[in-house]
Every structure is written in structure tokens, then in C-alpha cells.
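> Let me see the structure of the following:
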Amino acid sequence: MKLGVIVMTMGLLATSMMSAASGEETLSPAEGGKIPLSNVAGKKLIRGARETRHFSQDLIEIKDPEKKAAFLQEKVASWQDKGIDGVMFFLHHGRWWQVPGVTYDELKPEIDAFQSIKEWGRLTDNFMWIYSTVWQEDGKVPDWFNDDDWEAVRANASLAARVTKECGFKGVLFDLESYGGRGVGIWKHPFDYKMYAAEGYKTGGEAEPRSFAEVCAKVRQRGEEWGEAVTSVHPDIVLLAAGSLYGGAYKVALREALQGTGGMTLPTSDHLGLMPAFFDGLVVGLDERASLVSACEGTYLDSTYQDMLIARDLGMRQGLVLSKVPELARRRITFTTAIWTDAGWGKDRFSPTDVRINQRDPERHKHAAHNAMAASDKYAWLYGEIPWITAEETPLMRQYWQANIDAHEPMDLGWEPVPKWDLTDYTAHDRKMAQQDAAFWAKASRDGWKVMVELPVYWHFRFDSQLQIRYNKHWYRPNNDLDISAWPLISTLKCWQSQGTRANGVGIYRIKFDVPEGLDLKRQEIVLAFGGHSAGTSPGRGLRPEIIAFMNTKRGLGMKGGLTDVSELIKPGASNQVSVRVINHAGPAGLMGHVKLLVRRR
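Residues are numbered from 1 along each chain as shown. Model (predicted):
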């Protein structure tokens, strides 16, 4: 199966060097011959993020019409040099999946403000963001089987189309993810059949849950009605569907197929399991002039063209596997990739002044934005949760904005990020670390620690050259999507430069080990101990390594002197997993010592 994907992807790569890049192939002299440059002329870079939602909220709260229009005009003017071609706005806070429906009068002040903008400059392709989640406290979530509810939803859809048309927007981004909103009803999570069958049906007084097949048929009908309602008002609307259309359900369906004996079918266990049925209805209901675009979030952390092309290839084929109207889906659906400008989690994941903290420096961001456009049919989406186009102007942010502008120019599709090479001979340093490692364990013994398990010296290792793993929220979890079987094994007793990885950056270590039964979790302290340079000191950002250890599904409970308390994380009598992330800016990097599980009485 993997081989088939690779063959298909490379075939697409070969053709896309010329065709998917929108425009004829441009050749540029380069050492050793000529290299293909992609031309993304006509493609658009759209900003849709938390900051655009906050801006939209501020706009709504301004009551004076003149001040409202002036506020919007000021923002539009300030975004002209940010290298973006459009913004996703949140009118009515994105709440368009509610009962009762939205009224035109509620939106008229914002419509007037948008109509007051006579010159949008480079912001030629703007969108409105709408949710399928009901956020209002005790707000009613529409019931798929309630015709009155769906009259309100259809009215909302028609109104959304009217608003986008009157405001001069290209269309809407329809965010169908289930965010666990505060709404109430049988279908609090609209596409989650499992939750409905477990408890949702009781909310509506149903004696027993409807069958999955019956629900799928109704959801498909509603999808068709929704598409007809939108395009009856705005026939050539562009509908960006966040959630990658069939993508979420596909992953679960594939896993169930691999674990069972049957083929690929719609998954009843996934929270997005009903989404394929909705999209099947949508591709039928939309006007032929409308555009249905799969907005892929699976490329958030990618930077290279090939990685984005693989995601595109997979995403475009998923619909054909789960769709009941595959030929129509093939013809109607186009593709857009998204990158996360402040990729990662936590408030310190992006800095407008210290580039070392950020997943992508301006040069890497420039190529990522260009490659996103090259791998997309027309639109590439810049997502983020930290201010970017509304950020305070700093020298570094000016470089990022210029990178957006430069991303529209022809570039080499074969670009890959260059590691920070380190060719220093660290043999003497490794010997010093061995001495420090021995001293560390001698002290641990004097402090009353007993060795319960000595972990293997060789761990699976990956140098995260594209910083995809570091900024992946669940990179350390045992059941994530990371396949470590191909990761090489390296020793924890030497720095990674001494073992062939002659570069600085981010390295990921992972190992599984068995923990014996008989641990007394109440009366014993249980720690994971790192020898060598005492990883637990974790000096943080700077020129010394920052090392963080995780056990099983959670981070350790603090590091002191190379020890991290895992008393609440350990699984006695079972296999346990340890994941370690090392961020190194300069000098020898890695664990550089033995790792052991220690216990002592409290």
C-alpha cells in the first residue's frame, strides 16, 4: 500500500512540476544545469486565523457607522504590505448553524462597512468564515430529521451567500470540525454518529437510535439542500471546506479496514463519520458554476513541495474511496493546502523578535508559502493563532511579511531546508560525558535510589530537519501517526554529531521498555533518570540544549538534576514509552548518558 502511494505521488510530482504550478515551466540557469522554477501567478495567499476573528469581533462591537467603516478601512490599508491576497472575516461571529436563524438586519451594519471599501488593493479574494458548531450557551443545534430546524439552516445558508455577494467576497470557509460547543440537542456534534447512538437520541425522546444507514441518507439529503440554498443566491461561490472533506473519516475507515476483514466503509465510530455523506449531497446540490475546495490542514507543519504534493494526492483520492458519487466528486472537488504560521502549542511557540523559537524562519516560510500555492489549485491558506498581519511591526516581522510577498515569485520546487551543519570532532567531549555519567549514577546510589529498569542504550532517533515533529501536538503519544520503524537506532552515550548526524537543530528520541509489576505507587518515588550532562537542567532557549522528556501520553512532572518524576505516569506490568525532544542551537547535542528507572521510599 505504501509503495502504491509513492508511485502515484511521484507520477503526480513529475507532471506537477509543470502543470500544478499554474503556468508554464520557467527555466533558470543553475550550477550543473537548469532547474525548474514554479510560477504561481494567479494563485492567492489567504489569511484566516484567530486574529481575523478578533478583528471581526472588534468591528461588530463598534456601533457608530462612520467609525466602523473607518476602522475597517484602516485595517485594509495596513494589510497591503503583508503579502496576503485576502482575509477570512467572521460576520455574526461565524455562527451560521443555529436555530432560530440569522436575520439580514442583524448583519446590515457590517455589510454597510464592507461596502464602504471602494479600493481593496491586493486583497482581491476575501471570504467569510462560518462554523457548524453552535457556540451559544444552550443554543439549539439543528436536528438532521427536523424539517423546521432545517428550514432555518437553509435560510442561514442563503443569507450567508447573499452577504458574501453583497460584500464582494469570493465565498465562505465552512469549518465543519466539532469543537465541543455549548449548544444543546440530539446532534450537539453534528457529524458524530457514535455520540448520537450512545446518548444523543435520548435527548430527543427517541426510543432507540436510528440506524447509521438511515442517518447517512438524511445527512446526504441535507447536504444537497444546503448546497442548493447557497448557490441559488450566489451561483459561482467558492466554498472552502475545512476538515479536508472526506479526510478525517478516511483515516478511521482505513484503520478499521486494516484491523478487520472487510473493505473501506463509512466509519460509525469517528466523530466525523457522517461528513462524507454530507459532502456527497453537497457535490450534487451545488451549482455547476460553484467551486468546492478541500481545505487541507494536514500540511500545517510542512514546508517542502513534495510533502504538500503527497498530502494533495492522498486528499484528492480519499473522496473517491468513501464517496458514493466518486466520479462527480472527482470532477467537482479542487484542493488547497494550509500552513500554520505560528505552528505548535503553548504561548511561547512563536516570537516576533527571536527567530530561533519559530518553526520556520522567514526564508523557510517563504518557500512553505510558495509551495503551498504551487500544490494548490488556486488558494493557499495561512492559519495561525498568534498575531501575524496584526502583529507589532518588528524587523523580524517585516522579514516575514516580505517573505509572503516574495513567495509569489517563481521558485525552485526542489528546495529543502538546509540543516545547521556541525562538523566538529566531539570525541573528547564524549569521553568527558562518560565520566560525568558515571559520577551521576554514583551520586544517585548515595542518595538512596535503586535501579528498577536500565533502559536500552540504543533508541530510535530522528533528526527533525523540517521541524514537523517538534511542533506536532501529539508527537510523543504512543498511538500517534508517527511510524518510527524506519528511524535509525543511535546510542544515548554519545552526542548525535559523533554518530553521523552532523548538524544542530531538533532531535527526537523514542524507546519502549517493560516495567515489572510490584511497584508501590503510594510509598515509592519513581523517577526517570538521565545521566551524562543531566538533561533535567533544561536551561531553555539559548545556546545550550533544551531537553524535555515525556512518558506514555504525558509530559514528566518536572526536571531536577536529571530526574523527572513519573510516579503518576508509569504503567507497572506493561510496556511503557519514553519520548525525548532535544532542541540544540550549537555544540554537542543529544542525551549523552545512560537512562534508568529509579525508585526509593518516600
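> Leaving out sequence neighbours, find the closest residue to K75.
In space, and not counting its chain neighbours, K75 is closest to F55: 6.3 Å by C-beta to C-beta, 6 or more residues apart in numbering. In this view, the C-beta of every residue, glycine as well, is placed from N, C-alpha and C.
> Let me know whether the one you found touches I389 as I believe.
No - taking contacts as C-beta atoms under 8 Å, F55 lies outside contact range of I389: 9.1 Å.
> Which one's more surrounded, these two?
I389 (24 against 21; other C-beta atoms under 10 Å).
> so where's the stretch 351-500 of the chain shaky on pLDDT?
Residues of the stretch 351-500 of the chain that meet the criterion pLDDT under 70 lie in 466-482.
> hey, where'd the helices end up in it?
Secondary structure of the stretch 351-500 of the chain (DSSP state H, counting those that start in this stretch): helices at 362-375, 395-406, 427-446.
> Could you do the stretch 1-150 of the chain as well?
Under DSSP H, counting those that start in this stretch, the stretch 1-150 of the chain gives helices at 2-16, 50-61, 65-78, 104-115, 147-167.
> possible to save those helices as TSV with mean pLDDT and distance to T501?
As requested, the helices of the stretch 1-150 of the chain are exported to TSV (pLDDT from 0 to 100; distance: least, C-beta to C-beta, whole Å):
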stretch	mean pLDDT	distance to T501
helix 2-16	31	25
helix 50-61	93	36
helix 65-78	96	43
helix 104-115	96	52
helix 147-167	95	50
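> right, so those: which one is the most enclosed?
For the helices of the stretch 1-150 of the chain, the largest average neighbour count (mean count of other C-beta atoms under 10 Å) is found in helix 147-167, namely a mean of 19.
> Please work out the angle formed by the directions of that helix and helix 104-115.
Helix 147-167 and helix 104-115 are oriented at 20 degrees to each other (axes from the mean of the first three to the mean of the last three C-alpha atoms, to 10 degrees).
> so how far is helix 147-167 off the chain centroid?
Taking the mean of its C-alpha atoms, helix 147-167 sits 29 Å from the chain's own mean (C-alpha atoms, centre = their mean, to the nearest Å).
> ok, now which ones touch L423?
R502 (C-beta atoms under 8 Å, 6 or more residues apart in numbering).
> measure it to T501 for me?
12 Å (C-beta to C-beta, to the nearest Å).
> Equivalent analysis for A49, please.
On the measure of C-beta to C-beta, A49 and T501 end up 35 Å apart.
> just for the stretch 501-602 of the chain, where's the confidence low?
For the stretch 501-602 of the chain, counting by pLDDT under 70, the residues that fall below are 533-549, 552-559, 585-586.
> The same query, at a cut-off of 80, please.
In the predicted model, the stretch 501-602 of the chain carries pLDDT under 80 at residues 532-561, 583-587.
> same question, the stretch 101-250 of the chain
Within the stretch 101-250 of the chain, the segments meeting pLDDT under 80 span 135-138, 177-183, 243-250.
> Go again with 90.
101-102, 131-140, 175-195, 198-206, 242-250 (pLDDT under 90).
> For it, which segments count as strands?
127-131, 171-175, 238-242 (DSSP state E, counting those that start in this stretch).
> Can you add distance to A198 and mean neighbour count and give those strands back as TSV?
Conversion of the strands of the stretch 101-250 of the chain to TSV gives the following (distance: least, C-beta to C-beta, whole Å; neighbours: other C-beta atoms under 10 Å):
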stretch	distance to A198	mean neighbour count
strand 127-131	23	24
strand 171-175	25	25
strand 238-242	26	23
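> I appreciate the help and will end here.
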